[in-house]
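Student: below is the sequence, then the predicted model.
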Amino acid sequence: MASAAIAAKALRVTIVSDVIWPWCYVGYRNLMKASNDTKVPVKINWEPFFLNHNTPDEGEDLMEHLKNKYGAAAVE
């Protein structure tokens, strides 16, 4: 009875992920496999891994950001 009560309640997990980094995906797939294997449901809250902490709150134009970071020739 106790295991049924545990299985019915989803485990809440926050994943801080970088879409470029492949190990984030590998970790996610392992989590999903463990959830499936143990029959423990998982509720995931996705959070971004923010690389540029100097970005203004209102954001910035992507092309302008890329020009500043890599140079105009790399963007054109």
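Tutor: Thanks, I have it.

Student: so which residues of this protein form helices?
Tutor: Under the criterion DSSP state H, helices of the chain are mapped to 2-8, 22-38, 62-70, 72-75.

Student: same list (those helices) but as JSON lines, adding mean neighbour count, distance to Leu51 and mean pLDDT.
Tutor: Quick note: C-beta positions are derived from backbone N, CA and C, even for glycine. Shown next, in JSON lines, are the helices of the chain (neighbours: other Cβ atoms under 10 Å; distance: least, Cβ to Cβ, whole Å; pLDDT from 0 to 100):
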{"stretch": "helix 2-8", "mean neighbour count": "9", "distance to Leu51": "37", "mean pLDDT": "56"}
{"stretch": "helix 22-38", "mean neighbour count": "12", "distance to Leu51": "13", "mean pLDDT": "94"}
{"stretch": "helix 62-70", "mean neighbour count": "12", "distance to Leu51": "11", "mean pLDDT": "89"}
{"stretch": "helix 72-75", "mean neighbour count": "10", "distance to Leu51": "18", "mean pLDDT": "84"}
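
Student: Ile44: which of those helices is closest?
Tutor: Across the helices of the chain, the minimum distance to Ile44, taken as Cβ to Cβ, is reached by helix 22-38, at 8.0 Å.

Student: for the closest one, packing partners?
Tutor: Applying 3 or more Cβ pairs under 8 Å, 6 or more residues apart in numbering; DSSP states H and E, we find helix 22-38 packed against strand 11-17, strand 42-48.

Student: now the angle from that helix to strand 11-17?
Tutor: Orientation check (axes from the mean of the first three to the mean of the last three Cα atoms, to 10 degrees): helix 22-38 against strand 11-17 gives 170 degrees.
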